[in-house]
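Novice: just to be clear, the model below is a prediction. Sequence and coordinates:
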Amino acid sequence: MSWLVLILSGICESVWAIALDRSEGFSRIIPTMVFAIGLAASMGGLAFAMKHIPIGTSYAIWVGIGAAITAVYGMVSGEDTVSLMRVLLIGGLVACVIGLKLID
């Protein structure tokens, strides 16, 4: 259960990061509300997972999932450039997250 919560928390991290960008400095209400809900869900899930998964592992996986999804979103939305190196590095990040899960 802790691993599932951790993965969902990582997804929520990308939700709040994207909503933060869309909120335009908290001047838009809907993205600001999505940011607040995503942040609370993300942090709450991370806190729960840390009760059962070591801090280093849980934090690295949480941030890795969030960063990878956010980076892919940026490329798909056209806000970030797509390059072979960027795709390979994000793939490496995902591989490291999977590796941390496998060794724990």
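Specialist: Yep, it's here.
Novice: going by C-alpha atoms from here, please, whenever you check contacts or count neighbours.
Specialist: Noted.
Novice: list the contacts for the most centrally placed residue in the chain?
Specialist: In the chain, the C-alpha nearest the mean C-alpha coordinate belongs to Gly66, at 1.2 Å (C-alpha atoms, centre = their mean). Going by C-alpha atoms under 8 Å, 6 or more residues apart in numbering, Gly66 touches 10-14.
Novice: gap between the helix or strand it falls within and the chain center?
Specialist: Gly66 is part of helix 55-77 when elements are defined by DSSP states H and E. Using C-alpha atoms, centre = their mean, to the nearest Å, the mean C-alpha position of helix 55-77 is found 4 Å from that of the whole chain.
Novice: repeat for stretch 15-23
Specialist: 12 Å.
Novice: for the chain, just list every one of the helices.
Specialist: For the chain, the helices defined by DSSP state H occupy 2-22, 29-49, 55-77, 84-103.
Novice: dump those helices into CSV; add mean pLDDT as well.
Specialist: Shown next, in CSV, are those (pLDDT from 0 to 100):
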stretch, mean pLDDT
helix 2-22, 97
helix 29-49, 98
helix 55-77, 96
helix 84-103, 94
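Novice: okay, those helices, which one's buried deepest?
Specialist: helix 2-22 (a mean of 21; mean count of other C-alpha atoms under 10 Å).
Novice: that one - contacts with which helices or strands?
Specialist: Secondary structure elements in contact with helix 2-22, counted by 3 or more C-alpha pairs under 8 Å, 6 or more residues apart in numbering; DSSP states H and E, are helix 29-49, helix 55-77.
Novice: which of the ones you listed sits closest to Lys101?
Specialist: When the helices and strands packed on helix 2-22 are compared by C-alpha to C-alpha, helix 55-77 sits nearest Lys101, at 7.9 Å.
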